[in-house]
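A.B. asks: what follows is a predicted protein model with its sequence.
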Amino acid sequence: MINRNMLKGLLFCVTATAATLTCSADSLPNVIYILADDLGYGEVGYNGQEKIQTPELDAMAAQGMRFTNHYCGNSVCAPSRASLMTGKHPGHAYIRANSPGYPDGQTPLPEGTETVGKLMQRAGYKTAIIGKWGLGSTWDSGHPNQQGFDHFFGYTDQRKAHNYYPEYLWRNSDKIMLDNGKGKKNDYSHDLMTVEALQFIDDNSRSTGSGQAAQPFFLYLAYTIPHTSYQVPDLAQYENEDWPMNMKKHAAMTSRMDRDIGVIKRHLEALGLAENTLIMFNSDNGAHGQQGSLQFFKTSGELRGKKRLMYEGGVRSPMIAYWPGKVPAGSVSDHLSSFWDMLPTFSELTGEPVQGETDGISMLPTLLGNEAQQKQHKYLYWELYEGVPNQAVRMGKWKGVVSDRRKGMKIELYDLSADEGEQSDVAAAYPEVVSEIRKALIEAHEPSPFWSKDNQPLFDAQAACEVNGVQPMVLKQKKRKK
């Protein structure tokens, strides 16, 4: 008798046949999705970085697929991660900015939200989020355990994730006290995340004893590097460089993350899991660019802009995919894709349908080297209400940017095929393209319950909590009891 997971395995094999993929009927691939925090498109060697060393990621890019037109969910943390988890672009997503004063870091995902975690659970996966969550707290509907993740270790509050030597981290709903504080800095949170990730892989790689493969796992490894503060246990290979101290720290942090991704890759190989594990690597938004790092390292490469801006440096992701024998080695894809494509991609990968609507398109054909069967986006859309409210559309080779929505829908237009650095606004020369971009900007936007058109919160923190069925004072009381 074929059980549910075996049936999904069969469906996956049938789907992948056109891409010449073979798999066993009772085995679905493990998936590890690694997300850096504020890592610029040009901050890795495979995209031209010359000062910061990323040999492990460079090797994976050479042995897998590098993407030149993959985009983040937004140009700042929380809304980008919300798009990743829910398959919605920023014009439809529930979270479209970092929170205006919500307790414990972030407006939570509501109960009943479809997420990547829930889809993978339904598909029979053991799921974990390790690192920075930022989509709800320990006390509300946004907690990872309520949004599809069996295991959580890290930060719920994205603001606390700015400190790599916190007093505590969360494991599910348990506060794990660390040997930090009062002048002590002994537990570096990034290192703890790597240890936890290795343990999760170990715990879910053992044989069931029945001759079948162990339960497949989905690991969302949301590292906090290289988001500031600049903190790192040692400067490693950069100690003797004639650089400003914070630039040494920046490089050492990034290379430390690269090193640990290599540790995880080799651990999979030692366990015999490498050929049945898809690894994807991304960054949540563009480079933070703090303390001169944008210029010193050229962290956005040749792209314009950085975090919080809608230019390419704020939203383009340094994505790679690695899966020996499945993702074509040494390949480069210019497929136009985004974070909200992950939900339908994992749906096609596992055979588990998405519950509800998604703005994404599965990019599994591209991942498996069969771009002839790849469906295409008409356009990609972003909006952000943080700082200066802005919008953008990517439509084929064209990029339309509204740099300040408070001044109306004044559209800058760039031809990325000839001007990847977005230096020449050609809106006046192509009015018909501007018209199409304007239609997309209007079509993609739905009003948000939290933000007005002039970038003002429609609810204060108290009201925002009430919308989600939680009272701030209740949260504070619970924290004190904990």
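C.D. replies: Thanks, I have the structure now.

A.B. asks: give me the pLDDT for Lys8.
C.D. replies: At Lys8, the pLDDT value in this model is 49.

A.B. asks: just the one 4 residues further on next, same as before
C.D. replies: We have a pLDDT of 47 for Phe12.

A.B. asks: so what's the residue count around the closest residue to Lys397 other than its chain neighbours?
C.D. replies: With sequence-adjacent residues excluded and distances taken as CB to CB, 6 or more residues apart in numbering, Lys397 is closest to Ser417, at 4.1 Å. All C-beta atoms are positioned from the backbone trio N, CA, C, and that covers glycine. Other residues lying near Ser417 total 9 when counted by other CB atoms under 10 Å.

A.B. asks: same deal with Ser435?
C.D. replies: Using other CB under 10 Å, Ser435 has 11 neighbouring residues.

A.B. asks: host element of the residue nearest to Lys397?
C.D. replies: Under the criterion of DSSP states H and E, Ser417 resides outside all helices and strands.

A.B. asks: what about the helices in the stretch 201-350 of the chain?
C.D. replies: For the stretch 201-350 of the chain, applying DSSP state H, counting those that start in this stretch gives helices covering 245-270, 293-297, 312-315, 342-350.

A.B. asks: residues making contact with stretch 61-69?
C.D. replies: In this structure, residues lying in contact with stretch 61-69 by CB atoms under 8 Å, 6 or more residues apart in numbering are 44, 46, 279, 316-317, 319-324, 327-337, 366-367, 369.

A.B. asks: got the angle for the host helix or strand of Glu196 vs helix 245-270?
C.D. replies: Element membership for Glu196 (DSSP H and E) is helix 189-203. The directions of helix 189-203 and helix 245-270 differ by 10 degrees, with axes from the mean of the first three to the mean of the last three CA atoms, to 10 degrees as the criterion.

A.B. asks: which helix or which strand is home to Arg66?
C.D. replies: strand 65-67.

A.B. asks: of all the helices of the stretch 201-350 of the chain, which one is nearest Gly400?
C.D. replies: Ranking the helices of the stretch 201-350 of the chain by proximity to Gly400 (CB to CB) places helix 312-315 first, at 12.4 Å.

A.B. asks: average pLDDT for the closest one?
C.D. replies: 98.

A.B. asks: chain center to that helix, what's the gap?
C.D. replies: Here the centre of mass of C-alpha atoms in helix 312-315, compared against the chain's by CA atoms, centre = their mean, to the nearest Å, lies 14 Å away.

A.B. asks: try stretch 357-372
C.D. replies: 17 Å.

A.B. asks: on that earlier part again, can I get the helices of the stretch 201-350 of the chain in CSV with mean neighbour count?
C.D. replies: Conversion of these to CSV gives the following (neighbours: other CB atoms under 10 Å):
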stretch, mean neighbour count
helix 245-270, 20
helix 293-297, 19
helix 312-315, 28
helix 342-350, 24
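
A.B. asks: ok, which of these comes nearest Ile437?
C.D. replies: Nearest of the helices of the stretch 201-350 of the chain (CB to CB): helix 312-315, 15.4 Å.

A.B. asks: helices and strands around the helix or strand hosting Ala82, which ones?
C.D. replies: Ala82 is part of helix 77-86 when elements are defined by DSSP H and E. Helix 77-86 sits against helix 116-122, helix 342-350, with contacts defined as 3 or more CB pairs under 8 Å, 6 or more residues apart in numbering; DSSP states H and E.

A.B. asks: now with 10 Å?
C.D. replies: Where contact means 3 or more CB pairs under 10 Å, 6 or more residues apart in numbering; DSSP states H and E, helix 77-86 is packed against strand 30-36, helix 116-122, strand 126-132, strand 217-222, strand 277-283, helix 342-350, strand 380-384.

A.B. asks: for the protein, where's the lowest mean pLDDT among helices and strands?
C.D. replies: Least confident element among the helices and strands of the chain, by mean pLDDT, DSSP states H and E: helix 472-481 (a mean of 36).

A.B. asks: low-confidence stretches in the chain?
C.D. replies: 1-26, 100-103, 105, 206-214, 452-482 (pLDDT under 70).
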